[in-house]
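1. sequence first, predicted model second:
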Amino acid sequence: MEHSNPFFSDKPVVSVVNACIFQEHNVVLEDVNFNIARGEFVYLVGRTGSGKSSLLRTMYVDLPLRLGDIDIAGYNIKIIKTGDIPFLRRRLGIIFQDFQLFADRSVDENLFFVMRATGWKDRTKMKHKLAEVLMRVGLGTSGNKMPHQLSGGEQQRVAIARALINDPMLLVADEPTGNLDPLVSDGILQLFKEINKSGTTILMATHNYQFIKAYPARVLKCEGNHLLDSNLQQIELGGYY
């Protein structure tokens, strides 16, 4: 069976076994093995080009998995059918450094677009969910604004609201504060911490060493074609920018 319903399961949300991660034809990470349990908060760090983004893109099937096995939210992505990829991505919330909002649509319309694309039909339920996720990220009165009317931090909060629409099991955040100043970045991290406390598993790639000092959590580090795990070994955090 290719996938199962993991919502009431003790299985890890993420299970990676003997995986090799490629950037085009080059192996950037080899023999990758780790699990992420439900409700964990995990940092992913490493120098630029060390394989962080390639690992995340492989996890949400934007890059192919050529060697090894990865199970995400009940889906084995080595054998996942093309038609099942949208269902996998409904169990994930994916957040990028550059927000990826539609500049010509209001905040509400940015969120409604994702709802329609992921199968929402009932307009009343859609409005209720939209209000809920905007309140959750502190933007309850910003639905009619255009992205250019928002600060960078507010735009990222819209992106987080968008990622929360389908109540994901796992949030995958790829450098979500990379374009933000330190004070705004801290607010975004606090928001992620609140989301994590509510039970959502979070894997966050970051270059921000201060985050890890101020808010310690498990660290996965891409280094020398390998993935190190602070659960298993001491990890040197300095100098991975």
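-> Right, received. Where do you want to start?
2. how about N35, secondary structure?
-> strand (DSSP: H, G, I helix; E, B strand; the rest coil).
3. what's the neighbour count on it?
-> When neighbours are counted by other C-beta atoms under 10 Å, N35 registers 15. Where C-beta positions appear, they are placed from N, C-alpha and C, glycine not excepted.
4. repeat that for V133.
-> V133: 21 neighbours (other C-beta under 10 Å).
5. chain neighbours aside, what residue packs nearest to it?
-> Closest residue to V133 apart from its sequence neighbours, by C-beta to C-beta, 6 or more residues apart in numbering: A161 at 4.1 Å.
6. ditto for N144
-> Nearest to N144 is S106, by C-beta to C-beta, 6+ apart, at 5.5 Å.
7. wait, doesn't the one you found sit right on K145?
-> Yes. Using C-beta atoms under 8 Å, S106 is in contact with K145, at 6.5 Å.
8. R89 touches I72, doesn't it?
-> No. The pair R89 and I72 fails to qualify as a contact (C-beta under 8 Å) at a distance of 9.7 Å.
9. so the two - more neighbours on which side?
-> Comparing R89 with I72 by other C-beta under 10 Å, the one with more neighbours is I72, at 27 against 21.
10. helices of this structure, residue ranges please.
-> Here the chain has its helices, by DSSP state H, at 52-59, 85-90, 107-117, 123-136, 152-164, 182-197, 209-214.
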